[in-house]
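Peer 1: everything below, folded, please.
(chains A, B, C and D)
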There are 2 protein chains.
Amino acid sequence: MTTIKTVAAAGSYRACTRCRAAGFCVHPQAGQGVYRVQARRVRAGESMHTPEQSPHTFFVLCEGTARSCTRRHDGSLQTNDFHLPGELISFEAMADPAARQDALALEPCTVREITCQCDPEANAVVWGAMLGLLRDDAAHRRARLRPFAGRQTAAQRLSAWLGNLVERCQHRGLDPRAMAFRMTRAEIGSFLGLAKETVCRLFVQYQRDGWIEQRGRRFLIRRPEAFLR
Amino acid sequence: MTTIKTVAAAGSYRACTRCRAAGFCVHPQAGQGVYRVQARRVRAGESMHTPEQSPHTFFVLCEGTARSCTRRHDGSLQTNDFHLPGELISFEAMADPAARQDALALEPCTVREITCQCDPEANAVVWGAMLGLLRDDAAHRRARLRPFAGRQTAAQRLSAWLGNLVERCQHRGLDPRAMAFRMTRAEIGSFLGLAKETVCRLFVQYQRDGWIEQRGRRFLIRRPEAFLR
DNA sequence: CGCGCCGTTGACGTAGATCAAGATGGGTGG
DNA sequence: CCACCCATCTTGATCTACGTCAACGGCGCG
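Peer 2: So this is what the prediction gives:
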């Protein structure tokens, strides 16, 4: 395992210095025999998970963006979250195995798969590194839930979610204006509980206001400050 | 500090054997000097928190029910969660101090206030007891969020929330049919993002169906199974 | 080059918010 | 114990945000 350099260039969406799991990943020899770090490449549309994965596995997204989702009763997919580079995937499932959900790459991604080799409760080394993650994860979870607090219009939800994206970029040292987001209107709608047409109409309006730019099938955030509060 | 006996009688809403924090509370001498447990009584409508509380304090609700809330921009209160006996309050704030929110008693309550005397990261004893709480808390958080997953009608939300209440009672060994819940329509609406009138109309309908019973200003769940799935 | 997914736009319907006006219960003071 | 008051509940009428349906255009992948 080589030492990883920070590459926060726009387009590659890679983050290491400010990655939430850097403690595990950058000096993996520290956890020798306690956890295992494995780099992998995931193609667009594919799942991070493989059938033989241990229940003590979580992921760090190094490059690209992803979404996690569950299957609804009617068979359709319910998008539950979007993930940016440097963020954790399936981490919550370490504490709550029933919460494990599928994670799909929105574009070609690289991930590091971190597997705790033993029962984490028994091992202070792993939990030492994990405490930082727990704190960070709790704060992010709270921010991600903001669009759902109380009664909100579609515009308030969408705007709150875009603001959350901006914050998460800034937290990782990425420039939100330089990121071309790939989630489709339908996926965003699935996440926020809105119809894709509603998302579309609001996006058109935001573009007229110069707050976002739609380039091809992607979108860029031009005025991050418009969505913060 | 005396040993606490289990009292799971209906009406008093007390739970100890299945309390999530029993590890801290029932044998407090184990954590001598590391954390402090203090029993308190909170009157209906009052806050659990006192101004001089440490950031390393969380609460266990022993008797009664409560709600946690934050203040919205327009000054009104946003209800974010309801708490049953045996559940944790402000626990998340241990990992995410900015998440600390006010908790108000819905009826006369008794709580135990658990304060970690040192930085929890430094002390393995506290964190040992806390790991179990973390797991449990994660699972509960997930279940509580179910009413908000995707696009749902008002009836689906309310029904999912009632189902969540039932599950939490059962998890604690309480009989949901024996509990008279005190939250007002407005508080429930604030939590679920619905108008109080909508909650009221649905309650009237559930009562016609014999699923709930409205006794005075409280309500009882008559057919718990109607709200599970 | 063509097919299919995705985005866009308009027309329309409806769930549920809002407004308004009693009814009811619970708490308080005499 | 009664009378009063206030918060909450209830019900109906109306309005509107947004979901649904339908049709079409364009990007992008194979």
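Peer 1: all contacts plus neighbour counts: C-alpha atoms, from now on.
Peer 2: Fine.
Peer 1: what's across from the spatially most central residue of chain A in the sheet?
Peer 2: Nearest to the mean C-alpha position of chain A, counting by C-alpha atoms, centre = their mean, stands A:His83 at 1.3 Å. Taking DSSP bridges as the rule, A:His83 bridges to A:Ala66.
Peer 1: wait, what's in contact with the residue in chain A positioned nearest to DNA strand D?
Peer 2: Of all residues in chain A, A:Thr153 sits closest to DNA strand D, at 3.1 Å by C-alpha to the nearest atom of the strand. A:Thr153 sits next to no residue when contact means C-alpha atoms under 8 Å, 6 or more residues apart in numbering or on different chains.
Peer 1: that older thread, I figured the residue nearest to the centre of chain A hits A:Ala66, correct?
Peer 2: Yes - using C-alpha atoms under 8 Å, A:His83 is in contact with A:Ala66, at 5.1 Å.
Peer 1: am I right that A:Pro147 is in a helix?
Peer 2: Yes - using DSSP: H, G, I helix; E, B strand; the rest coil, the assignment for A:Pro147 is a helix.
Peer 1: apart from its neighbours in sequence, what residue is nearest it?
Peer 2: Taking C-alpha to C-alpha, 6 or more residues apart in numbering or on different chains, and ignoring the residues beside it in sequence, A:Pro147 has A:Arg157 as its nearest neighbour in space, at 4.6 Å.
Peer 1: how far out from the middle of the chain is the helix or strand where the one you found lies?
Peer 2: Per DSSP states H and E, A:Arg157 falls inside helix A:154-172. In terms of C-alpha atoms, centre = their mean, to the nearest Å, the centre of helix A:154-172 is set 13 Å apart from its chain centre.
Peer 1: just the CA trace of that helix, in CSV.
Peer 2: Extracted C-alpha coordinates of helix A:154-172, given in CSV (Å, rounded to 0.1, in the frame of the first residue of the first chain):
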residue,chain,number,x,y,z
ALA,A,154,-40.4,21.7,-2.6
ALA,A,155,-38.2,24.7,-3.2
GLN,A,156,-37.1,24.8,0.5
ARG,A,157,-36.2,21.1,0.4
LEU,A,158,-34.3,21.3,-2.8
SER,A,159,-32.5,24.4,-1.8
ALA,A,160,-31.7,23.0,1.7
TRP,A,161,-30.3,19.9,-0.1
LEU,A,162,-28.1,21.9,-2.5
GLY,A,163,-26.9,23.9,0.5
ASN,A,164,-26.0,20.6,2.2
LEU,A,165,-24.0,19.6,-0.9
VAL,A,166,-22.1,22.9,-0.9
GLU,A,167,-21.3,22.5,2.8
ARG,A,168,-20.0,19.0,2.3
CYS,A,169,-17.8,20.1,-0.6
GLN,A,170,-16.4,22.9,1.5
HIS,A,171,-15.8,20.7,4.4
ARG,A,172,-13.7,18.5,2.2
